[in-house]
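Visitor: return a 3D structure for these sequence lines:
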Amino acid sequence: MPTTGFHQRDIETMPRPQLEALQLERLQSTIASLRANVPVMAERIADVADPTTLDDLANFPFLRKADLRENYPFGLFAVPRDQLARVHASSGTTGKPTVVGYTSDDLQVWADCVARCLRGAGIEPGQMLHNAYGYGLFTGGLGLHDGATEAGLNVIPVSGGNTERQLMLLEDFAPEAICCTPSYALTLAELLGESGPDCSLQVGILGAEPWSNATRDAIEAGLGIIAVNIYGLSEVIGPGVSCETADRDGLVIMEDHFLPEIVDPDTGDRLPDGEVGVLVLTSLTKQAFPVLRYWTGDLCSITREPAVCGRTHARMSPLVGRADDMLVIRGVNVYPSQVEHTLIAIDGVSPHFQLVVDRDRTLDTLHLRVERDDSEIAQSDSDLANEIKSQMRTALLLGVTVSVEPPGTVPRSDGGKLSRTLDNRSL
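Guide: Modelled structure (predicted):
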């Protein structure tokens, strides 16, 4: 059974008083950078005094996803474009992606954070990592790749898809570790069948979508591994904000780079350790795209008690839900507003729709129910459905199935808040 290791032991086990002094120094530097280099943020925080304690962070306003969309593409960057080393993006709610950038130093910080995750999960230098996260604008593939290289691993950059090839490489290359989404790990476990527990894999670094302990148990039984939960989001840096160790007693937050808060989803007031609320993150070292009190929308709790392995950084619980209507489908964030925005531009469709999320064996599926409007268009239902599927793939970066139904079929509001989603995965 793999045991936890360290990539930067002195930092990962730093006494909390020393860690909090470092956090305050870096918080002050981040706020100074925002005031000097990001006019939008400078205006927003102009009336807030510079922090003299970490508690003063609560005086600053939250940054939300909508702020990123309103300042698309580079309005929140703190460095000019010629100082960027890389740009990533995630799908946006109105067809425009959320854009984030990195300097060379940012990429080094990111690699170090991911390296800590991999070493903490028990993966040793010289071992082989099968990277089945998607490469490209999505932060998963390249983020894990650079971190694995930093940790001294041999990386197989397989990317996503082509499951038959993935299975062949798992058998032929005999890697000790794999990273992918939990749902894809379940698919691989199912296809490997009886040979799963006898394969070379020892550790799985799984994330980019919510998953349960039941899913963990099925993956571990099917692949004969320990399954470790990794967390991150592109707006903050990407995967590597936090991760479980091989002990799996909470996701260790890289607190020297990311300052966590838990707040009440309704009031925004801070909550004490142990209570569930919205995770809010402030970056402490990012140069290109620093974020101040970013409202993740993810619900969890945190503890600052030292971990059994000796790590002193705060640990967060697995996510217990969302404070908004975002869905996560096979690692892709989907908002109903994205669907609505896309449907408006398609002739012959009413504004009424419903998203139905289900699970086909081990993979999440997304089905879109729409209605015809009163216009008389020549397209058949099947042609209209195909057009909608094509437009949705472009907007969501995800394949969906579509049914075109008669007017009045899709649920309407009964006076309360209308939920446009039906998530059958929890049933």
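
Visitor: every contact and neighbour count from this point should use C-alpha atoms.
Guide: Noted.

Visitor: what number of residues lie near the nearest residue to V276 once chain neighbours are set aside?
Guide: Closest residue to V276 apart from its sequence neighbours, by CA to CA, 6 or more residues apart in numbering: S301 at 4.5 Å. S301 has 24 neighbours, counted by other CA atoms under 10 Å.

Visitor: for S301, give me its contacts.
Guide: I262, D273, G274, E275, V276, G277, L279, M316, S317 (CA atoms under 8 Å, 6 or more residues apart in numbering).

Visitor: quick one: the strands in the stretch 1-150 of the chain, in order.
Guide: 86-90, 98-102, 128-131 (DSSP state E, counting those that start in this stretch).

Visitor: check the stretch 301-427 of the chain too.
Guide: 302-303, 315-316, 321-322, 327-329, 332-334, 349-360, 363-372, 401-405, 421-423.

Visitor: so which of those strands is the most packed in?
Guide: strand 315-316 (a mean of 26; mean count of other CA atoms under 10 Å).

Visitor: nearest residue to E371 other than its sequence neighbours?
Guide: Per CA to CA, 6+ apart, closest to E371 is E405, 4.8 Å.

Visitor: the one you found and S380 touch, don't they?
Guide: No. E405 lies out of contact with S380 (CA atoms under 8 Å); the separation is 11.5 Å.

Visitor: surely Q23 and D256 touch.
Guide: Yes. The criterion here is CA under 8 Å, and Q23 meets it with D256 at 6.1 Å.

Visitor: give me the common contacts of those two.
Guide: By CA under 8 Å, 6+ apart, the residues touching both Q23 and D256 are L284.

Visitor: which helix is the longest one in the chain?
Guide: Ranked by number of residues, the top helix in the chain under DSSP state H is helix 16-37.

Visitor: on that earlier part again, need the contacts of S301 in CSV (columns: distance to P97).
Guide: Shown next, in CSV, are those (distance: CA to CA, whole Å):
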residue, distance to P97
I262, 27
D273, 34
G274, 34
E275, 33
V276, 29
G277, 27
L279, 22
M316, 28
S317, 29
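
Visitor: check the residues you listed for burial and list the buried ones.
Guide: Neighbour-count burial (16 or more other CA atoms under 10 Å) is assigned, among the contacts of S301, to I262, D273, E275, V276, G277, L279, M316, S317.

Visitor: check contacts around the first one.
Guide: Under the criterion of CA under 8 Å, 6+ apart, the contact list for I262 reads 270-273, 275-280, 300-302.

Visitor: and what of the fourth one?
Guide: Residues near V276 by CA under 8 Å, 6+ apart: I262, L299, C300, S301, I302.

Visitor: what's the distance between it and I262?
Guide: 7 Å (CA to CA, to the nearest Å).

Visitor: same question for the last one.
Guide: As for S317, its distance to I262 is 11 Å (criterion: CA to CA).

Visitor: give me the common contacts of those two.
Guide: With CA under 8 Å, 6+ apart, S317 and I262 have common neighbours C300, S301, I302.

Visitor: measure the second one to Y294 for me?
Guide: Using CA to CA, S301 is found at 16 Å from Y294.

Visitor: go on, the last one?
Guide: Separation of I302 from Y294 (CA to CA): 16 Å.

Visitor: also the first one?
Guide: When CA to CA is applied, the distance between C300 and Y294 equals 15 Å.

Visitor: what about the strands in the stretch 151-300 of the chain?
Guide: 154-156, 177-180, 203-206, 226-233, 238-244, 251-253, 258-263, 277-283, 294-300.

Visitor: need the ones you listed in a markdown table (columns: distance to I11).
Guide: Putting the strands of the stretch 151-300 of the chain into a markdown table (distance: least, CA to CA, whole Å) gives the following:
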| stretch | distance to I11 |
| --- | --- |
| strand 154-156 | 25 |
| strand 177-180 | 25 |
| strand 203-206 | 22 |
| strand 226-233 | 19 |
| strand 238-244 | 14 |
| strand 251-253 | 12 |
| strand 258-263 | 13 |
| strand 277-283 | 17 |
| strand 294-300 | 24 |
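
Visitor: hmm, back to that, A32 is nearest to which of the strands of the stretch 1-150 of the chain?
Guide: Minimum separation from A32 across the strands of the stretch 1-150 of the chain (CA to CA) falls at strand 98-102, 18.4 Å.

Visitor: now that closest one: mean pLDDT?
Guide: Mean pLDDT, strand 98-102: 96.

Visitor: cool, stretch 106-120 as well?
Guide: Computed over stretch 106-120, the average pLDDT equals 98.

Visitor: ok, stretch 3-21 next?
Guide: 98.

Visitor: swap in stretch 275-288?
Guide: Stretch 275-288 comes out at a mean pLDDT of 97.

Visitor: for the stretch 1-150 of the chain, which segments count as helices?
Guide: Using DSSP state H, counting those that start in this stretch, the helices of the stretch 1-150 of the chain run over 9-12, 16-37, 39-44, 65-70, 104-120, 139-150.

Visitor: the longest one vs strand 277-283, what angle?
Guide: What separates the directions of helix 16-37 and strand 277-283 is an angle of 70 degrees, with axes from the mean of the first three to the mean of the last three CA atoms, to 10 degrees.

Visitor: my guess is L319 contacts S212. True?
Guide: No. The pair L319 / S212 is not scored as a contact, 9.2 Å apart, by CA under 8 Å.

Visitor: so what sits against both of the two?
Guide: Among the neighbours of L319, none is also in contact with S212 (CA under 8 Å, 6+ apart).

Visitor: more crowded one of these two?
Guide: Higher neighbour count among L319 and S212: L319, with 18 against 12, using other CA under 10 Å.

Visitor: for the residue of the chain most remote from its centre, what are its contacts?
Guide: Distance from the centre of the chain peaks at E376, with 42.3 Å (CA atoms, centre = their mean). Applying CA under 8 Å, 6+ apart, we find E376 in contact with G348.
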